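Asks: Based on what follows, work out the 3D shape:
(chains A, B, C and D)
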2 protein chains.
Amino acid sequence: MSVERPLRADAARNRAKILDAARAQITVHGPEVPMDAIAEAASVAVGTLYRHFPDKTALVGAVLAEHMAELARHTEEAAARVEAGADAMTELRVLIATVLETAARDAALKAAARRFGADYAEQIGTARTVRALQSLLDAAKADGELHQDITIDDFAMLLATAPLDAPAPIRERWLTLVLPGLTTTGRPIGSVR
Amino acid sequence: MSVERPLRADAARNRAKILDAARAQITVHGPEVPMDAIAEAASVAVGTLYRHFPDKTALVGAVLAEHMAELARHTEEAAARVEAGADAMTELRVLIATVLETAARDAALKAAARRFGADYAEQIGTARTVRALQSLLDAAKADGELHQDITIDDFAMLLATAPLDAPAPIRERWLTLVLPGLTTTGRPIGSVR
DNA sequence: CATCATCATGAACCATGGTTCATCTTCATC
DNA sequence: GATGAAGATGAACCATGGTTCATGATGATG
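Replies: Residues are numbered from 1 along each chain as shown, chains lettered A, B, ... in the order given. Coordinates of the predicted model:
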């Protein structure tokens, strides 16, 4: 294993600038944004990108990893709140909405995820986060609010297929249409929104 | 407007070969498949592609249009069956499943549609087809099986977000999860599949 | 503040892939 | 079957964009 010598001060600074710029550029232009564009946005030369990341895939991957970490954080916080007595189904709804918003904010990340063959289940899947999500589902089921057969994979699939790149009203509409399929209460006839 | 002189025999033959090859190639490799690959698959030189289509966008667009026409046909046939007395909600389910299968068969077409900014509602939307789909929805609502507030746009959105490129079991699972959100009957607790 | 390992620079290189066009081939017509 | 228009060919052109590397700059260490 490598000995991890600490980065020189300027190198660390540049690494951060690069990740920030990459995230911003990918957010706006998608993962096919040129390395030169990222370099310029980071006020750095292209070569510097290659000092910090072996190739473009690695850079995009790093940005993606940051994003996934954020999602993981949300999941674990939700689980913690339920642990503390919050309503599970409510937390689940909020979590889904949050993920939708977060991911929508950087619409292109979904495309990046696809392009890099990342399926959400695996990416999100540090053991701790998976456990957190599982506990959320279990709690909601125990409350009799969530169908017994809904799995983590179902969640991953639905989130992966959500119209993240669509405007907010459409995303909300999507939630309205899809969520009732998961709950035991369904949707009363004629309920709008 | 142009006078549409008829194509020479070999030209017509080549045009068909090109469209076939393009569809096949795009299906397998996605819309970013090189023009050279399409040309080779069609046993034709690249230049010939450019005799028939001004640029790559036009070629992919033509393939896409063929695909959309197929979807339109299914929709109109379903509407006709309902007209003839078939159960509306059943036809709707079959239609959705069919679209899912058709589109899944050429998984990459969805990506092509995205890339070309085509949203299904517009693409599918010859007046006749829209009317057919609308009549299906109306019939299902009249039967009290479909929620009153479901619109054509809802349908377009759901189909556009379906996991078309996923394997069949996942697509079926998706249907199982999403459909109950649209119907008035929902899903009885514990019903699996 | 001298030294040097680490880091940054960016022009140049190369691969990929869309597009063109001068040239040759083939169909249609008489 | 001669002729001209329509069509086909594919090498060459060009733009884009990822990657490299010789050179120069800079932070860390004594």
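
Asks: Name the next helix or strand downstream of the helix or strand harbouring residue A:13, please.
Replies: Per DSSP states H and E, residue A:13 falls inside helix A:9-29. Toward the C-terminus, helix A:9-29 is succeeded by helix A:35-41 as the next helix or strand (DSSP H and E).

Asks: and for that following helix, what are the contacting residues?
Replies: Residues outside helix A:35-41 that contact it (Cβ atoms under 8 Å, 6 or more residues apart in numbering or on different chains) are A:18, A:21, A:22, A:24, A:25, A:29, A:45, A:46, A:48, A:49, A:56, A:59. Any C-beta I mention is one placed from the backbone N, CA and C, and that applies to glycine too.

Asks: Out of those residues, who's the most crowded?
Replies: Compared across the contacts of helix A:35-41, residue A:22 has the highest neighbour count, 26 neighbours, by other Cβ atoms under 10 Å in any protein chain shown.

Asks: where does that one land on pLDDT?
Replies: Looking at residue A:22, its pLDDT stands at 95.

Asks: try residue A:127
Replies: Reading off the model, residue A:127 has pLDDT 75.

Asks: Not counting its neighbours along the chain, what's nearest residue A:83?
Replies: In this structure, residue A:83 finds its nearest non-sequential neighbour in residue A:135, 7.5 Å apart by Cβ to Cβ, 6 or more residues apart in numbering or on different chains.

Asks: Now name the helix or strand holding that neighbour.
Replies: Short version, using DSSP H and E: residue A:135 is in helix A:127-142.

Asks: And that helix, what does it pack against?
Replies: helix A:56-83, helix A:88-105, helix A:152-161 (3 or more Cβ pairs under 8 Å, 6 or more residues apart in numbering or on different chains; DSSP states H and E).

Asks: and DNA strand C, which of these is closest to it?
Replies: DNA strand C lies closest to helix A:56-83 among the helices and strands packed on helix A:127-142, at 13.4 Å (Cβ to the nearest atom of the strand).

Asks: near DNA strand C at all, the closest one?
Replies: No: Helix A:56-83 lies out of reach of DNA strand C by Cβ under 7 Å from any atom of the strand, never closer than 13.4 Å.

Asks: With stretch A:7-14 instead?
Replies: Yes: legend: contact between stretch A:7-14 and DNA strand C by Cβ under 7 Å from any atom of the strand is shown at A:7, A:8, A:10, A:11, A:14.

Asks: Residues of chain A that sit close to chain B?
Replies: Counting by Cβ under 8 Å from any Cβ of the partner chain, the positions of chain A adjacent to chain B are A:144, A:147-150, A:154, A:157-158, A:160-163, A:166, A:170, A:173-174, A:177-182, A:184, A:186-187, A:189-190, A:192.

Asks: Filter the residues you listed down to the ones in helices?
Replies: A:154, A:157, A:158, A:160, A:161, A:170, A:173, A:174, A:177, A:178 (DSSP state H).

Asks: farthest-separated two in these?
Replies: A:154 and A:170 (21.6 Å; Cβ to Cβ).

Asks: Of the two, which one has the most company?
Replies: A direct count of neighbours by other Cβ under 10 Å for residue A:154 and residue A:170 places residue A:154 higher, at 19 against 16.

Asks: Can you read off the pLDDT for the more buried one?
Replies: pLDDT, residue A:154: 88.

Asks: Kindly report the same for residue A:101.
Replies: Residue A:101 carries a pLDDT score of 80 in this model.

Asks: Same question for residue A:11.
Replies: On the pLDDT scale, residue A:11 gets 97.

Asks: and it, what is it in contact with?
Replies: A:51, A:52.

Asks: count of residues packed around residue A:160?
Replies: Neighbours of residue A:160 (other Cβ under 10 Å): 19.

Asks: Residues of chain A that sit close to DNA strand D?
Replies: The interface of chain A toward DNA strand D, taken as Cβ under 7 Å from any atom of the strand, is made up of A:8-10, A:32-36, A:46-47, A:50, A:55-57.

Asks: My guess is residue A:15 contacts residue A:52. True?
Replies: Yes: with contact defined as Cβ atoms under 8 Å, residue A:15 reaches residue A:52; the gap is 5.1 Å.

Asks: residues shared between the contacts of those two?
Replies: Overlap of the contact sets of residue A:15 and residue A:52 (by Cβ under 8 Å, 6+ apart) is empty.

Asks: thinking again about what came up before, from the contacts of helix A:35-41, which is closest to DNA strand D?
Replies: Checking the contacts of helix A:35-41 one by one against DNA strand D (Cβ to the nearest atom of the strand), the nearest turns out to be residue A:56, at 3.7 Å.
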